[in-house]
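**Student:** please find the sequence and the predicted model below.
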Amino acid sequence: MNEVLKDLAQKCQKILSDQPGPEGREKIAELLQVLLSDPANVDALVPESTGERDMLYKDPELGFCILAHKYDGEKTSPPHDHGPSWAIYAQARGETIMRDYDKIEDACADKPGKVRVSRTYSLTPGIAHVYNEGDLHSPTRDGPTSLVRVEGTDMSQVKRHRFELA
């Protein structure tokens, strides 16, 4: 673990221990914005060898995870939330167009929920955004992008419902 990641993990652990709710998450987003304003920190957290989903750190006490993502081409994700968890997306390189959604109809195991776009905005290098439990969103990338994401839990282990446009 490099020093930049070690320092980030320790600061996230302290913040989430003191303020485990939305206020703490906003503090982590602010921390990420400052951190990613330095290209050396970006290179330390998201080197060129990064894959689409690299787990950098998982906190043994609180369960939060720090991930690096590097996408080489275009990609659009469907509308989603983070189930019972939260996530902070922090743009490192490139641009991501984010869409937020209002839920029109609940999802269930055998039927996707229905959503409508409520807001569209851009994440550019150094911008971080918090998605709390239940916040529906989707990213679109038109070219190469990199980001750091902090999740409340390892989302690869969480089953989530599907959503589609109404």
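**Tutor:** In hand now; what should we look at? Residues are numbered from 1 along each chain as shown.
**Student:** now do the strands in the protein.
**Tutor:** For the chain, the strands defined by DSSP state E occupy 54-58, 65-71, 75-76, 87-93, 96-105, 113-123, 128-131, 136-141, 145-151, 163-165.
**Student:** which strands and helices sit next to the third one?
**Tutor:** Translated: strand 75-76. Secondary-structure packing of strand 75-76 (3 or more Cβ pairs under 8 Å, 6 or more residues apart in numbering; DSSP states H and E): strand 136-141. For the C-beta atoms, the positions are set from N, CA and C on the backbone; glycine is no exception.
**Student:** so which of the strands of the chain is nearest Val42?
**Tutor:** Smallest distance to Val42 across the strands of the chain (Cβ to Cβ): 4.7 Å, for strand 87-93.
**Student:** just give me how far the closest one sits from the chain centre.
**Tutor:** With Cα atoms, centre = their mean, to the nearest Å as the basis, strand 87-93 stands 6 Å off its chain's centre.
**Student:** average pLDDT across that strand?
**Tutor:** Averaged across strand 87-93, pLDDT comes to 98.
**Student:** list the residues that contact Gln19.
**Tutor:** Gln19 makes contact with Lys27, according to Cβ atoms under 8 Å, 6 or more residues apart in numbering.
**Student:** now the phi/psi pair for it, please.
**Tutor:** Dihedral pair for Gln19: phi -140, psi 80, per degrees, to the nearest 10.
**Student:** re the thing from before, mean pLDDT lowest where, among the strands of the chain?
**Tutor:** Among those, strand 75-76 has the lowest mean pLDDT, at a mean of 90.
**Student:** ok, and what's touching that strand?
**Tutor:** So strand 75-76 is contacted by Ser138, Pro139, Thr140, Arg141 (Cβ under 8 Å, 6+ apart).
**Student:** near the first one, how many other residues are there?
**Tutor:** So that's Ser138. 18 (other Cβ atoms under 10 Å).
**Student:** mind listing what's buried in stretch 139-148?
**Tutor:** By 16 or more other Cβ atoms under 10 Å, the buried positions in stretch 139-148 come out as Pro139, Arg141, Thr145, Ser146, Leu147, Val148.
**Student:** right, and the pair among those with maximum separation?
**Tutor:** Largest pairwise distance in the buried residues of stretch 139-148, by Cβ to Cβ, is 14.8 Å, between Arg141 and Val148.
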